[in-house]
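Participant: could you work out the structure for the sequence below:
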Amino acid sequence: MKMPEEGRYGYVNILREGLAYAAWLSVYGSGRQLELAAEFVRYILRRAWEAGKEVYEKAGENVEESKARGLLTHKGFEGVA
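Facilitator: Next comes the predicted model:
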């Protein structure tokens with residue numbers, strides 16, 4: 001993460017594991033959690049599209065693979081809800 005200086009934009013790096021967990025939550029989450037995760041995944045995919053075909057395809061593969069997995073495959077996220 002980089003904090004913005006003097007009214008400028010900062011940025012946050014999203015790790016593959018974070019995107020995978022958000023994708024999983026967008027399918028298996030509950031209530032508002034599911035809605036927010038789905039919105040976040042759509043945003044990331046839109047930004048990946050803007051970055052280029054290869055970036056979009058890689059992000060899309062990660063999202064689809066993660067949606068198909070169960071929670072136990074996301075090490076470090078067991079019991080998080």
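Participant: just the buried positions in the longest helix along the chain, please.
Facilitator: Across the chain, the helix with the greatest residue count (assigned by DSSP state H) is helix 31-51. Buried positions in helix 31-51, judged by neighbour count with 16 or more other CB atoms under 10 Å: A37, A38, F40, V41, I44, L45, A48. Quick note: C-beta positions are derived from backbone N, CA and C, even for glycine.
Participant: and the residue nearest the centre of the chain, how far from I44?
Facilitator: Taking CA atoms, centre = their mean as the criterion, L19 is the residue nearest the geometric centre of the chain, at 2.7 Å. Distance, L19 to I44, by CB to CB, to the nearest Å: 6 Å.
Participant: mutual contacts of these two, please.
Facilitator: Here L19 and I44 share the contacting residues A59, V63, scored by CB atoms under 8 Å, 6 or more residues apart in numbering.
Participant: that older thread, what is the very next helix or strand once past the longest helix of the chain packed up against?
Facilitator: The element immediately downstream of helix 31-51 (helix or strand, assigned by DSSP states H and E) is helix 53-68. Under the contact definition 3 or more CB pairs under 8 Å, 6 or more residues apart in numbering; DSSP states H and E, helix 53-68 sits against helix 16-28, helix 31-51.
Participant: what's the closest of those to A59?
Facilitator: helix 31-51 (4.0 Å; CB to CB).
Participant: gap between the closest residue to the residue nearest to the centre of the chain other than its chain neighbours and A68?
Facilitator: Spatial nearest neighbour of L19, chain neighbours left out: N62 (5.7 Å); criterion: CB to CB, 6 or more residues apart in numbering. As judged by CB to CB, N62 and A68 stand 11 Å apart.
Participant: please apply the same query to K53.
Facilitator: K53 is 23 Å from A68, by CB to CB.
Participant: G18 now?
Facilitator: G18 is 18 Å from A68, by CB to CB.
Participant: these two - which one has more neighbours?
Facilitator: More crowded of G18 and A68, by other CB atoms under 10 Å: G18, with 14 against 11.
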